[in-house]
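> Okay, sequence plus prediction incoming.
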Amino acid sequence: MGIFSRTRDIIAANVTDLLDKAEDPAKMIRMIILEMEETLVEVRASAARTIADQKEMRRSITKLEGLKDSWTEKAELALSKGREDLAKAALVEKQKAADLADQLAQEIAVLDEALQASEADINKLQGKLREARARQNSIVARMESAHNRAKMREMYAGTKIDEAFSRFDLMERRVDLAEGRAEAAGFGAAPKTLEEEIAELRSSDKIEAELAALKAKAQGNSGQEG
């Protein structure tokens with residue numbers, strides 16, 4: 001069962017109201033567009049058949065016009081031969097052809113009105129279809145936006161963020177421990193022994209003596225240059 005009874009219902013339909021009442025607007029708009037497209041195809045096919053019928057009728061009228069002329073010639077011939085009875089019969093056939101041609105012309109006029117109505121309906125259907133497709137694009141964009149917002153809310157409100165920050169906390173804790181071990185390595189260092197302190201003094205004396213020798217050498221070189 002379709003949403004519309006067809007062309008008239010589609011033209012009169014308020015797409016916004018239909019979508020506002022729908023439980024699933026995305027599904028509803030797809031159904032609306034599908035039915036509009038099918039109806040548009042049907043109306044165009046009907047118009048095409050009407051145009052074909054008119055062409056056939058016009059060909060028939062052309063043939064009937066030729067037939068009328070033929071019966072006129074026959075009536076004239078019969079009358080010239082003194083056969084008034086045959087002339088009358090020929091004129092009767094001519095009138096039948098004329099009446100049929102007039103009837104076809106009237107039918108063509110009726111079909112012209114139907115074609116004009118079909119053209120107007122097609123234009124209105126195309127306008128409704130454009131409106132529906134625009135609404136579909138809007139609905140799709142809104143649904144994608146809502147989906148993305150929901151994912152963001154889930155991300156921030158869910159456990160993933162908490163787990164990430166927990167990992168950061170754990171890494172910071174490990175860094176703190178490494179730094180603590182480095183600092184603690186210098187705590188409680190063993191005091192120097194007497195031998196170590198004397199050795200340092202001797203080393204210091206040697207350095208001082210070498211430094212003094214270097215100074216003396218430098219002064220001697222300076223004096224010789226002078």
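Arrived safely, thanks for sending. Residues are numbered from 1 along each chain as shown.
> can you give me the helices for the chain?
Under the criterion DSSP state H, helices of the chain are mapped to 7-12, 15-21, 25-80, 84-157, 159-184, 194-225.
> which helices and strands does the third one pack with?
Under the contact definition 3 or more C-beta pairs under 8 Å, 6 or more residues apart in numbering; DSSP states H and E, helix 25-80 sits against helix 7-12, helix 15-21, helix 84-157. C-beta: built from backbone N, CA, C; applies to glycine.
> now the angle between helix 84-157 and that helix, please.
Counting by axes from the mean of the first three to the mean of the last three C-alpha atoms, to 10 degrees, helix 25-80 lies at 170 degrees to helix 84-157.
> Out of the helices of the chain, point me to the one whose mean pLDDT is lowest.
Of all the helices of the chain, the minimum mean pLDDT falls on helix 159-184 (a mean of 70).
> Pull the number of nearby residues for residue 107.
13 (other C-beta atoms under 10 Å).
> just residue 43 next, same as before
Neighbours of residue 43 using other C-beta under 10 Å come to 20.
> Then the one 5 residues further on?
Here the neighbour count serves as a burial measure; for residue 48 (other C-beta under 10 Å) it reads 11.
> same check, this time on residue 127
Residues within reach of residue 127, counting by other C-beta under 10 Å, total 11.
> mind checking how far it is from residue 16?
15 Å (C-beta to C-beta, to the nearest Å).
> Report the separation between the most centrally placed residue in the chain and residue 124.
Nearest to the mean C-alpha position of the chain, by C-alpha atoms, centre = their mean, lies residue 137 at 5.9 Å. Separation of residue 137 from residue 124 (C-beta to C-beta): 21 Å.
> Tabulate the helices and strands packed on helix 25-80 (CSV), appending distance to residue 61.
Output for those, formatted as CSV (distance: least, C-beta to C-beta, whole Å):
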stretch, distance to residue 61
helix 7-12, 30
helix 15-21, 44
helix 84-157, 5
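> Just name the most buried of those.
With neighbours taken as mean count of other C-beta atoms under 10 Å, the helices and strands packed on helix 25-80 reach their highest mean count in helix 7-12, at a mean of 16.
> That one packs against which elements?
For helix 7-12, the packing partners by 3+ C-beta pairs under 8 Å, 6+ apart come out as helix 25-80, helix 84-157.
> how about the helices and strands packed on helix 25-80, which one is nearest residue 34?
Smallest distance to residue 34 across those (C-beta to C-beta): 9.8 Å, for helix 84-157.
> my read: residue 32 touches residue 15, true?
Yes: using C-beta atoms under 8 Å, residue 32 is in contact with residue 15, at 6.5 Å.
> Need the residues touching each of those two.
Common contacts of residue 32 and residue 15 (C-beta atoms under 8 Å, 6 or more residues apart in numbering): residue 132.
> check contacts around the closest residue to residue 7 other than its chain neighbours.
In space, not counting the residues next to it along the chain, residue 7 is nearest to residue 121; the distance is 5.3 Å by C-beta to C-beta, 6 or more residues apart in numbering. Listed by C-beta under 8 Å, 6+ apart, the contact set of residue 121 reads 7, 11, 43.
> ok so, going back, any idea how far residue 128 is from the residue nearest to the centre of the chain?
Between residue 137 and residue 128 the distance is 15 Å, computed by C-beta to C-beta.
> go on, residue 99?
43 Å.
> repeat for residue 19
Distance, residue 19 to residue 128, by C-beta to C-beta: 13 Å.
> now residue 175
Using C-beta to C-beta, one gets 66 Å for the distance from residue 175 to residue 128.
> same check, this time on residue 36
According to C-beta to C-beta, residue 36 and residue 128 sit 6 Å apart.
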